[in-house]
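# Next one to model:
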Amino acid sequence: MTRRHGMLSQRTIRLVAVLLAVGLVSGMGAPYLLQAGFPLWTVLLLVVVVLAVPVAAVLHSERSSRR
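You can find the predicted model right below:
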C-alpha cells in the first residue's frame, strides 16, 4: 500500500516540527530553566521526550516502508 503524499500525514509532520522546536528551545534553555527553579527531572524529561518523538517517527516510517 502506498500513500500519495509520503509516509507521514501532515498532522504528524506538524507535530514533529513543533516538538523539535520545543526541544531546541528547551535544550538550549535548560541551564536557564534550572536557574529559574524548574526541577532537573522536569527538564530532562522534556528533553528526552522531544528527542524520542522524531526517532520513533523515523522508526515507524522505516517499518511501514518495508511492507
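# What pLDDT does the model give residue 38?
Looking at residue 38, its pLDDT reads 92.
# Count the residues that sit near it.
15 (other Cβ atoms under 10 Å). C-beta: built from backbone N, CA, C; applies to glycine.
# quick one: it from residue 47, how far?
Residue 38 is 12 Å from residue 47, where distance means Cβ to Cβ, to the nearest Å.
# One more: residue 13?
21 Å.
# Among these two, which residue is more densely surrounded?
Each of residue 13 and residue 47 has its neighbours counted (other Cβ under 10 Å); residue 47 has more, 16 against 13.
# Could I get the pLDDT score of that one?
Reported pLDDT for residue 47: 79.
# list the contacts for it?
Applying Cβ atoms under 8 Å, 6 or more residues apart in numbering, we find residue 47 in contact with 23, 26, 27, 30.
# so how many other residues sit close to residue 23?
Neighbours of residue 23 under the rule other Cβ under 10 Å: 19.
# My guess is it contacts residue 50. True?
Yes. Here residue 23 reaches residue 50: they are 2.9 Å apart, a contact under Cβ atoms under 8 Å.
# Nearest spatial neighbour of residue 15, chain-adjacent residues omitted?
residue 53 (7.7 Å; Cβ to Cβ, 6 or more residues apart in numbering).
# Check which helix or strand the one you found maps to.
Assessed by DSSP states H and E, residue 53 sits inside helix 40-66.
# How much space separates residue 28 from residue 42?
To residue 42, residue 28 is 16 Å away according to Cβ to Cβ.
# In terms of neighbours, single out the busier of the two.
Neighbours were counted for residue 28 and for residue 42 using other Cβ under 10 Å; residue 42 has more, 12 against 9.
# quick one: pLDDT of the closest residue to that one other than its chain neighbours?
Nearest non-adjacent residue to residue 42, counting by Cβ to Cβ, 6+ apart: residue 33, 7.9 Å away. Residue 33 is assigned 86 on the pLDDT scale.
# Identify the residues contacting residue 33.
Residues counted as contacts of residue 33 (Cβ under 8 Å, 6+ apart) are 26, 42, 43.
# at 10 Å instead, please
Residue 33 sits next to 25, 26, 39, 40, 42, 43, 46, 47 when contact means Cβ atoms under 10 Å, 6 or more residues apart in numbering.
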